[in-house]
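K.L.:
structural data only, the sequence is not supplied:
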């Protein structure tokens, strides 16, 4: 089944000029998104995942920002390159065709305006309706995301809601103009585990009910496992592995992905004495190693690594499963095969 | 998939911490050194600091200038004469108009209506103004630290009482309180137990100005202490069994020091301005003893005939206060963690 | 909300009471010497002194003195010893002048401060911003009485562009009234424009970095709407409350200096003259009056803050 393409991001590149030098936050990142699917972009802080998606909406534009590459929003009215688009064009797309929800609902809502007003404001910015109608829609939206007594609560202020409720308000707001693409930047990180599940339900409904495309940015693999159809793993500004959920989870190719997956405890395996972790730290954003960025922390480094590994489908040339590691798929599987207490990433030179 | 939620075991925290630690290792500096470095790069602020120091030095050198000019600050000279370009001129003309700046050693900045040398008075007045300004600011700072810290740390009744006191002081507009106290005290002086302070003593304006500005500084300090109290290092100290006094001294005060350093130049500037205002109104330093404020006062009365009497001390005052404000601004910038593009208030 | 207001009002009364006690202490108890002599002003006669002593009850115990003093203040039974005029009358006469000065200056400084502060913030780091910062710093460093005196001399007396001081009633001639007040308004505003434009600049820069501004942009709102409804609306909250407080200070103190220099004969000048004459009853009355005004304004400002920022209402 080929789904209709919504987004095509091609070699997106974002750098910032700072006091400490040029920070290359996003390094030629490419991905795509189709209707009805959830793409999870996974990585730790500093990997460039947030900057990538925020750039799609032009939220990283600043005097010291430098952009490269293109990000096409595909639509019947005519494709738009989001990277180079004029502000006036972008303004009409934001909140309308592409909507975004952010990590911290406490600070993401304006504390001095009522919740209803903030939703209505968005609707009125994009659609020519009467305020009364917009209000009714806002009430309906709050109701649908599970805010009880929506008609009363619409006049409340953000601080009168709990964290989970606030995030639902954000979701309601994001959905208010029926966007084709929803970008969720760490939507559950600031919330309790129990609330997380509820929020994720909403996101799932979005994908299934409205046939929209969802980009889910997170560092939480549990969330990914619940919702994602495809995954892109980012490390140090680059995508190091991408593929369907099954491909990446069951046949991870890149050593960094092994680390991510290996650090999850599994109920079906004996408990490890110590949780494995990847030694070392990601490289500073301003100065990276030559070639593969993961080299300093990878125990399987060999002569080819100083050469920049391209993102290629090495397992099966026809599949979507791509990665940036020079090792052959066989070598990878061998090195990856370890006892439950090891992850194939023991510290370089260390004894197990 | 039978996996447990990985969010507790991801490396979000570890990675971020490592990156921060690495950066710090590279920089190797604590916040004070960073601030000092930034301040050193701010040439404008440093230039004005130098100007301020020069002004202080000039005021301290008042007796030297007195020798050069040939007369003291209180020496009337209504019938005297001075040589200008080879010609003799009246220091104070027959209509009572004093001579303007001569740009010579005698009457460099001209004379006032009593024939006194303005430059000499200016320097001696500077001594008064600077002494009062600095001392008052110091007094305010010490009391503000004490009150703000006690209120913020102990909260409850102590806090309520201190806050109430600050409210009452704040209710009196600064000038009116200063004027009221100045008038009341300058007449009969002040009796603090066995100690008697005469009405003419400079200690009175120092006490008044120092007292009046307490809420201005104590409130921000209280706010800071309140938020610091909730932070982990205070909890840690308490868990270690540290008593409140030790906690305050070793944990809280050092963290307040940057706030205090930032506030201090501005307090001095405000104190100098208030002293000038009080003296202008007659409730500060009283004539014939010079202060920039009372010099401007008598100058303004005679501004129509001889404006230099008002202009000269005013310019000195503005220059002094401006240099403190610019330097103070630079200090604030240096301590501001977001100080890349912005000049903060 | 109502409970909040009631609490503030009670606090107001308590503070006023303390202020009255403090005033009483300042004038009668703390200073050395005979209060009757002090009250009598310059060159009193012995009979005057004795009369004062009886009238104010200086032979009585302290709390009786306090009550007598307060009674006189509140019933308006105060006479200036130098001019022999009724103090309350003079205060009432001076109020419209002082308010004309204060209100006009306050509006002027608010408008300019917001405009300049906003402009500075939008051009942060560039030349225009630095230039305005320098101007603001100079403004803060100018003593208002000196600036006023110079303006009066150069623009009023010498150039004749503006009248040389004095006050015209609003009811008599509105245009002349404003004409006479332009220089005092400017002199008084300069300091506050300096302070407020920088505070606003700082607030705006902080607010622009807030997450909710990012959300507003992500919603597709126009830049203008973001600026007004999100950035300004939030940045102005602390400013508005500061403004209320300073307005009280202006009426109380700043006005004294400006009125004296421009000869406006408002409450401030009245106080200054009385002080010069060491004439205690007017100073006593004015201190109480101004303190009351300031305390009232403080309470209004707190309530205003709660109206503008709903998070405060919880406290």
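P.N.:
Yep, it's here. Small disclaimer: the values here were computed from a predicted structure and weren't measured. Residues are numbered from 1 along each chain as shown, chains lettered A, B, ... in the order given.
K.L.:
just for chain B, where's the confidence low?
P.N.:
Scanning chain B with the threshold set as pLDDT under 70 gives B:1-31, B:173-174, B:183-184, B:186-200, B:336-345.
K.L.:
skip the chain neighbours and tell me the closest residue to the residue nearest in space to the middle of it.
P.N.:
Centroid check for chain B by C-alpha atoms, centre = their mean gives residue B:268 as the closest residue, at 0.3 Å. Among residues not flanking residue B:268 along the chain, residue B:137 sits closest, at 4.3 Å (C-beta to C-beta, 6 or more residues apart in numbering or on different chains). To be clear about C-beta, it is placed using only N, CA and C from the backbone, and glycine gets the same treatment.
K.L.:
that neighbour reaches residue B:274, doesn't it?
P.N.:
No. Residue B:137 is beyond contact range of residue B:274, at 10.3 Å (criterion: C-beta atoms under 8 Å).
K.L.:
so how far is chain C from residue A:181?
P.N.:
Applying C-beta to the nearest C-beta, to the nearest Å, the value for residue A:181 to chain C is 12 Å.
K.L.:
list the contacts of that residue.
P.N.:
Residues in contact with residue A:181 (C-beta atoms under 8 Å, 6 or more residues apart in numbering or on different chains) are A:6, A:7, A:33, A:73, A:97, A:98, A:99, A:212, A:213, A:214, A:215.
K.L.:
quick check: residues of the stretch 151-300 of chain C near chain A?
P.N.:
Selection of the stretch 151-300 of chain C residues close to chain A by C-beta under 8 Å from any C-beta of the partner chain yields C:210-212, C:214-223, C:225, C:229-230, C:233-234, C:237.
K.L.:
try 10 Å
P.N.:
Residues of the stretch 151-300 of chain C found near chain A (C-beta under 10 Å from any C-beta of the partner chain) are C:207, C:210-223, C:225, C:229-230, C:233-234, C:237.
K.L.:
what's the most distant pair in the contacts of residue A:181?
P.N.:
The distance between the two most remote of the contacts of residue A:181 (C-beta to C-beta) is 14.9 Å, for A:73 and A:214.
K.L.:
ok, back up a step: host element of the residue nearest to the centre of chain B?
P.N.:
Assigned by DSSP states H and E, residue B:268 falls within helix B:253-281.
K.L.:
next secondary structure after that helix?
P.N.:
Next element after helix B:253-281 (DSSP H and E): helix B:292-301.
K.L.:
buried ones in that following helix, by neighbour count?
P.N.:
Across helix B:292-301, burial judged by 16 or more other C-beta atoms under 10 Å in any protein chain shown covers B:292, B:293, B:294, B:295, B:296, B:297, B:298, B:299, B:300.
K.L.:
now, which of these sits nearest chain A?
P.N.:
Comparing the buried residues of helix B:292-301 against chain A with C-beta to the nearest C-beta places residue B:292 closest, at 41.8 Å.
K.L.:
for the closest one, list the residues it contacts.
P.N.:
Counting by C-beta atoms under 10 Å, 6 or more residues apart in numbering or on different chains, residue B:292 touches B:121-122, B:125-126, B:128-130, B:272-273, B:275-276, B:279-280, B:285, B:299, B:312-318, B:320, C:143, C:146.
K.L.:
mind redoing it with 8 Å?
P.N.:
Here residue B:292 is in contact with B:122, B:125, B:126, B:129, B:276, B:279, B:313, B:314, B:316, B:317 (C-beta under 8 Å, 6+ apart).
K.L.:
repeat for residue C:271
P.N.:
Applying C-beta under 8 Å, 6+ apart, we find residue C:271 in contact with B:176, B:179, C:256, C:282, C:283, C:286, C:287.
K.L.:
give me phi/psi at the nearest residue to residue A:104 once chain neighbours are set aside?
P.N.:
Nearest residue to residue A:104, sequence neighbours excluded (C-beta to C-beta, 6+ apart): residue A:190, at 4.8 Å. Phi and psi for residue A:190, reported as degrees, to the nearest 10, are phi -90, psi 10.
K.L.:
share the number of residues neighbouring residue A:190, please.
P.N.:
When neighbours are counted by other C-beta atoms under 10 Å in any protein chain shown, residue A:190 registers 19.
K.L.:
just residue B:94 next, same as before
P.N.:
6.
K.L.:
how about the residue in the stretch 151-300 of chain A positioned nearest to chain C, what does it touch?
P.N.:
In the stretch 151-300 of chain A, the residue that lies nearest chain C is residue A:157 (4.6 Å; C-beta to the nearest C-beta). Contact analysis of residue A:157 by C-beta under 8 Å, 6+ apart lists A:111, A:112, A:113, A:114, A:115, C:310, C:311.
K.L.:
just to be sure, residue C:26 is in a strand?
P.N.:
No. Per DSSP: H, G, I helix; E, B strand; the rest coil, residue C:26 lies outside any strand segment and is helix.
K.L.:
can you pull the buried residues of stretch B:150-159?
P.N.:
Residues of stretch B:150-159 classed as buried by neighbour count (16+ other C-beta under 10 Å): B:150, B:151, B:152, B:153, B:159.
K.L.:
how about stretch B:270-286 and chain C, touching?
P.N.:
Yes. Judged by C-beta under 8 Å from any C-beta, stretch B:270-286 and chain C are in contact via B:273, B:276, B:277, B:280, B:281, B:282, B:283.
K.L.:
the first one: neighbour count?
P.N.:
As a burial measure, residue B:273 scores 27 neighbours (other C-beta under 10 Å).
K.L.:
looks like it contacts residue B:320 (just checking).
P.N.:
No. With contact defined as C-beta under 8 Å, residue B:273 does not reach residue B:320; the gap is 9.5 Å.
K.L.:
who touches both of these two?
P.N.:
Common neighbours of residue B:273 and residue B:320 are not found (criterion: C-beta under 8 Å, 6+ apart).
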